[in-house]
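> pasting the sequence and the predicted coordinates here, then a few questions.
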Amino acid sequence: MPYEVVIGLEVHAQLLTASKLFCGCSTAFGAAANTQTCPVCLGMPGVLPVINGKAVEFAIRTGLALNCTVAPMNRFARKNYFYPDLPKGYQISQYELPICEHGWLEIGHNGTPKRVRIRRAHLEEDAGKNLHQGIAGASHVDLNRAGTPLLEIVTEPDMRTPDEAIAYLKMLRDILVYLEVCDGNMEEGSLRCEPNLSLRPVGSPTLGTKVELKNINSFKYAKAAMEYEIKRQTKVLDEGGTLVQETRLWNPEKKETAPMRSKEEAHDYRYFPDPDLVPLHISKEWIEQIRGTLRELLDARKNRLKEQFGLSDYSVDVLASDKKFLEYFEKCAAEDKSGLSKIEVGKELANCITIEFRGLARKMNSRAGFEQSNTPLPLRHPDSSEYGEIWQGTLIPAKNLMELVAMKLRGEISGPIYKAVLEEMFFSRGKTASEIIEAKGLTQVSDEGSLEKFIDEVIAKNPQQVEQYRGGKEAVYGFFVGQVMKASGGKANPAKVNELLKRKLTQ
């Protein structure tokens, strides 16, 4: 029987506040275990939580960007369950009255736009972390993360393929990073996704038995887990078996899911309003004030750049993976005094930032001794969640980069010289292209007499290739260009080389 896949996503985004949701403890990542705790986040008797206003502001900002309705009155509830990393025996969350509801996000997958409905986005505190590895015969608990503010964003079951779900997840992550409310770091757990997946016969209006997937910390694993689960559920149904509503863990080493526990329903958590927290009232004035700070949202900015500079979807997506990329691109473009077309300049500049810089970032990591470590790359990429702290958006001053890009586009330097100078600028952080070219003697050779000497030498050394070209094998022409560029040390003017070389080969 053919089945239809039904997918909804629950995404937990850790908000970029300096302190926790209900106390003043730090949210910084990487501190020694249990050093960022206090009686409030440890759940000591008699303590009272106090709401973090910045977390509420970030939730409103996100809700507006996701086309949600922001509730003027919402309240917190206690979600009761027992686990070692939950010291109070309950988690403060929102249930009946969340802060944001009824939003949507439009994704573009395979060139077809699709609207994914967002059921709700609500605030809640994070739990701690159980530590099992490297501890023989015991498990430990680190409560540094307990009380960290999360925004849980829940979709309707609107996605039908893992690719659609990943497209949504990537777009949501880009928006959260662009809004500066979450750093989007899946490896550190500040962005966590839990797909809810089921199958139903094609054409059936009834949803199938839902399975929730956990322990996913990358786009790659999210897609792999969903693809595995589709195969597993299909096999069970085809063999006449019955699926169980449960939570399953993804094992990245075995590349399979395994049962964790039966899937709880809302009543299992015995939600009730938290008596220590009064309902949260949000004024229209505050909502409009925050709306006024959003300015140009990500989709609008991406569309403007595509129209203004003729950028491809790929280039725009890479630039949009970090707000600093977008700002740096536009800062550089504003420094363009070349007189060339905006589209020509924009495409070359985008290639430089999204392709050349990424290769240089790998070299930077290697030089810093990170090559064999798990330290992520400094530049974001749409096909991974890799990132780092080295990228500052101003490694090369905008004016200096645009001087180099213009020199390449005007044909004043060759491609090899362009890359060599760009690398020197990337690591020297301050030298201009002109200074580097002069200091290293990289001035392009355009003099016809000098170029003819290189060309004559290459022709004389390769009579067999000359005969092949003159016999109609035009593909060998690239060989001659490469040899001339090699003989000139990459300094030959490519346009002049082509002009003179064709003349010589046809004589």
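Yep, that arrived. Numbering: from 1, shown residues only.
> contacts, neighbours, all on C-alpha from now
Noted.
> ok, then the element right after the longest helix seen in the chain?
Scanning the chain for the longest helix, with DSSP state H as the assignment, gives helix 219-238. Reading on from helix 219-238 to the C-terminus, the next helix or strand found by DSSP states H and E is strand 246-251.
> list the buried residues for the longest helix of the chain?
219, 221-226, 229-230, 233-234 (16 or more other Cα atoms under 10 Å).
> same question, stretch 267-283
In stretch 267-283, counting by 16+ other Cα under 10 Å, buried: 271, 273-274, 277, 280, 282.
> pull the helix or strand with minimum mean pLDDT from this structure.
helix 357-367 (a mean of 74; mean pLDDT, DSSP states H and E).
> what does the longest helix of the chain contact?
Residues outside helix 219-238 that contact it (Cα atoms under 8 Å, 6 or more residues apart in numbering) are 1, 3, 5, 162-163, 166, 169-170, 193, 195, 197-199, 213, 216, 242-243, 250, 252, 255-257, 383-385.
> PyMOL command to pick out the buried ones of the residues you listed?
To isolate the buried ones among those in PyMOL, judged by 16+ other Cα under 10 Å, type:
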select buried, resi 3+5+162+163+166+169+170+193+195+197+198+199+213+216+243+250+252+256+257+385
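> redo the buried residues of helix 219-238 as CSV? Include distance to Glu499.
Shown next, in CSV, are the buried residues of helix 219-238 (distance: Cα to Cα, whole Å):
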residue, distance to Glu499
Phe219, 49
Tyr221, 52
Ala222, 53
Lys223, 51
Ala224, 52
Ala225, 56
Met226, 56
Glu229, 60
Ile230, 59
Gln233, 64
Thr234, 63
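> ok, the residues you listed vs Gly189, which is closest?
Phe219 (12.8 Å; Cα to Cα).
> how close does the closest one sit to Ala31?
Separation of Phe219 from Ala31 (Cα to Cα, to the nearest Å) stands at 26 Å.
> tell me the pLDDT at the closest residue to Val445 other than its chain neighbours?
Counting by Cα to Cα, 6 or more residues apart in numbering, Ala492 is the residue found nearest to Val445 once chain neighbours are left out, at 4.7 Å. For Ala492, the pLDDT comes out at 79.
> what do you get for the one 3 residues further on?
We have a pLDDT of 77 for Ala495.
> host element of it?
helix 494-505.
> packing partners of that helix?
helix 448-461, helix 463-470, helix 477-487 (3 or more Cα pairs under 8 Å, 6 or more residues apart in numbering; DSSP states H and E).
> deepest in the core, which of those helices is it.
helix 477-487 (a mean of 17; mean count of other Cα atoms under 10 Å).
> contact partners of that helix?
454-455, 458-459, 469, 491-492, 494, 497-498, 501.
> one more: stretch 440-452?
412-414, 417, 436-437, 491-493, 496-497, 500.
> on that earlier part again, pLDDT added to the buried residues of helix 219-238, as JSON lines?
Shown next, in JSON lines, are the buried residues of helix 219-238 (pLDDT from 0 to 100):
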{"residue": "Phe219", "pLDDT": "94"}
{"residue": "Tyr221", "pLDDT": "95"}
{"residue": "Ala222", "pLDDT": "95"}
{"residue": "Lys223", "pLDDT": "96"}
{"residue": "Ala224", "pLDDT": "96"}
{"residue": "Ala225", "pLDDT": "96"}
{"residue": "Met226", "pLDDT": "97"}
{"residue": "Glu229", "pLDDT": "96"}
{"residue": "Ile230", "pLDDT": "97"}
{"residue": "Gln233", "pLDDT": "96"}
{"residue": "Thr234", "pLDDT": "96"}
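> out of those, the closest to Tyr314 would be?
Phe219 (16.9 Å).
> how near is Leu169 to Leu9?
8 Å.
> list the contacts of Val405.
Taking Cα under 8 Å, 6+ apart, one finds 345, 348-349 in contact with Val405.
> with the residues you listed in mind, which one is nearest to Leu319?
Leu349 (11.1 Å).
> and that closest one, which of the three is it?
helix (DSSP: H, G, I helix; E, B strand; the rest coil).
> pretty sure it is touching Phe329, no?
Yes - in this structure Leu349 lies within contact range of Phe329 using Cα atoms under 8 Å: 7.4 Å.
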